[in-house]
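>>> fold the following.
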Amino acid sequence: NKKEHLMSITIKDVAKKVGVTATTVSMVIRDDPRISSKTKEKVLKAVKEMNYYPNQIGRSLVKGKTNVIAVASSMFYGPFKIDIFNGIDTGVVETEYTTLHFSARAEQEAELLKEIVYGRRADGVIAINMRTEKDTLQAYKETGLPIVFVEETFEGFSGVKGDSFKGAYKAADRFIKTGKKSIGLISSVYTHLSCVIDREKGFMQALADNGIKYDEKKTLRSTTYNFQEGQDLMDKIIHDKIQVDSVFCSAGDLVAMGMIKRAKEKGVKIPGDIAIIGYDGLDTGSLVTPSLTTLKQPVVSMGRAAFDMLKKLMEEKDVKKEIKEFEPELIIRESA
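The predicted structure follows:
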């Protein structure tokens, strides 16, 4: 079995083929100057022919360094997460580091972060929207393993986040300025996340500042943040006769685009009957008709900032831990 054969090739097999000791092979791989160039050439040729990959974990235990950055994230937030990855990668390609992606279901997030720190799986961690417990944070403090949190940030740790309060405030303010009176909200079921809490707070604050009383019945919650769910939520608004003349879709642009599609199918005019504002600033929002008014977060820049912060933490001593906030920009298109 070829696949099994590839999996099971060891340093001893390479040594046997070349007729040297396993130690010699190991020294060649580490580029030890004590090995003659003739032997080196023979060993490297065999390594290539046999498809031998040195065990990174074994080597990292000896060196105490993995050159791996763990990017840990919860399962949701499709487009946001991809753009954060893109931002991280713009930094990674300029270095010797490689990234490993760890994804966890909601209830296992804190556990996953602990596994990374105690298993010494990486030299540094970027955690995207991860639920964390006190003992997890304590583990990172005690081991000193560098970590940067994205969106869900913590006091005393480095982090990068969008200013969700300000973003949501701008959305509600736009509705009010354009004469909307009965404003609905699509929020998230993940009510423990600070970005969800902050968006709700910003939204409510804008209403309060304009003397508008908020009606709790006008809040719907999203679980999957996708296009299909947007269609379902618009169905619910129509079916349950939820009286809104505008909806702030804080759950993201994909949901908002699904809402627009279903509204059009059902003869609901956007923005005439219901104005809609999304959150993310996806380029695809300009492709739907009417095009989507949204809050654009500089997500790729946020990912890059997280990487730069982590690199600093990994490579320099006594780095000041800070949380960097990015303000979203209101992109006015046709839907509001």
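>>> which residues of the chain fall in helices?
Taking DSSP state H as the criterion, the chain contains helices spanning 2-8, 11-18, 22-29, 37-49, 56-63, 78-92, 109-118, 134-143, 164-177, 194-209, 227-239, 253-265, 299-315.
>>> buried set for the second one?
Residues of helix 11-18 classed as buried: 11, 13-15, 17-18 (neighbour count, 16 or more other Cβ atoms under 10 Å). Every C-beta, even on glycine, is put in place using the N, C-alpha and C of the backbone.
>>> hey, what's the angle from that helix to helix 22-29? Just curious.
With axes from the mean of the first three to the mean of the last three Cα atoms, to 10 degrees as the criterion, the two stretches helix 11-18 and helix 22-29 enclose an angle of 90 degrees.
>>> any idea how far the spatially most central residue of the chain is from residue 24?
Among the residues of the chain, the one closest to the centroid is residue 81, at 3.4 Å (Cα atoms, centre = their mean). The spacing between residue 81 and residue 24, counted by Cβ to Cβ, to the nearest Å, is 45 Å.
>>> re earlier: so which of the helices of the chain gets nearest residue 219?
Using Cβ to Cβ as the criterion, the shortest distance between residue 219 and the helices of the chain is 8.2 Å, found for helix 194-209.
>>> who does that closest one touch, helix- and strand-wise?
strand 158-162, helix 164-177, strand 183-188 (3 or more Cβ pairs under 8 Å, 6 or more residues apart in numbering; DSSP states H and E).
>>> now render these as TSV, adding distance to residue 203 and mean pLDDT.
Rendered in TSV, the data for the helices and strands packed on helix 194-209 read as follows (distance: least, Cβ to Cβ, whole Å; pLDDT from 0 to 100):
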stretch	distance to residue 203	mean pLDDT
strand 158-162	15	97
helix 164-177	4	98
strand 183-188	6	97
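>>> can you add mean neighbour count and distance to residue 196 and give the ones you listed back as TSV?
Conversion of the helices and strands packed on helix 194-209 to TSV gives the following (neighbours: other Cβ atoms under 10 Å; distance: least, Cβ to Cβ, whole Å):
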stretch	mean neighbour count	distance to residue 196
strand 158-162	24	12
helix 164-177	22	8
strand 183-188	24	5
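>>> go through the helices of the chain and pick out the most buried.
Between the helices of the chain, the one whose residues have the most neighbours on average, counting mean count of other Cβ atoms under 10 Å, is helix 253-265 (a mean of 24).
>>> you'd agree the residue nearest to the centre of the chain is up against residue 73?
Yes. When contacts are counted by Cβ atoms under 8 Å, residue 81 is listed as touching residue 73 (5.7 Å).
>>> mind listing the shared neighbours of those two?
The overlap between the contact sets of residue 81 and residue 73 (Cβ atoms under 8 Å, 6 or more residues apart in numbering) consists of 128-129.
>>> one step back: can I get the helices of the chain in CSV with distance to residue 187?
Putting these into CSV (distance: least, Cβ to Cβ, whole Å) gives the following:
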stretch, distance to residue 187
helix 2-8, 47
helix 11-18, 55
helix 22-29, 53
helix 37-49, 55
helix 56-63, 42
helix 78-92, 15
helix 109-118, 20
helix 134-143, 26
helix 164-177, 10
helix 194-209, 6
helix 227-239, 11
helix 253-265, 10
helix 299-315, 20
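>>> in this structure, what helix or strand scores lowest on average pLDDT?
For the chain, scoring each helix and strand by mean pLDDT, DSSP states H and E identifies helix 2-8 as the least confident one, at a mean of 49.
>>> for the stretch 51-200 of the chain, give me the ranges with low pLDDT.
Judged by pLDDT under 70, the stretch 51-200 of the chain has its weakly predicted residues at 53-64, 75-77.
>>> kindly recompute the last result at 90.
The model of the stretch 51-200 of the chain has pLDDT under 90 over residues 51-67, 74-81, 96, 103-111, 114-121, 129-133, 135, 143, 190, 192-193.
>>> so what's residue 299 closest to, chain neighbours aside?
residue 83 (3.8 Å; Cβ to Cβ, 6 or more residues apart in numbering).
>>> let me see the contact set for the one you found.
299-300, 303.
>>> tell me the spacing between residue 91 and residue 312.
Distance of residue 91 to residue 312, given as Cβ to Cβ: 11 Å.
>>> from the chain's centre, how far out does stretch 161-170 sit?
Between the centre of stretch 161-170 and the centre of its host chain there is 17 Å, according to Cα atoms, centre = their mean, to the nearest Å.
>>> what does that stretch rub up against?
Stretch 161-170 is contacted by residues 150-153, 194-196, 198-203, 205-206, 248, 250, 279, 295, 297, 299, 302, 323-328, 330 when judged by Cβ under 8 Å, 6+ apart.
>>> likewise for stretch 211-228?
Counting by Cβ under 8 Å, 6+ apart, stretch 211-228 makes contact with 76-78, 176, 181-189, 204, 207-208, 229, 233, 236-237, 242-244, 251-252, 254-255, 257-258, 261, all of which sit outside it.
>>> wait, isn't residue 143 in contact with residue 117?
Yes. Using Cβ under 8 Å, residue 143 is in contact with residue 117, at 5.5 Å.
>>> quick revisit: now the contacts of residue 83 as TSV including distance to residue 287 and pLDDT?
Rendered in TSV, the data for the contacts of residue 83 read as follows (distance: Cβ to Cβ, whole Å; pLDDT from 0 to 100):
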residue	distance to residue 287	pLDDT
299	18	94
300	19	95
303	23	97
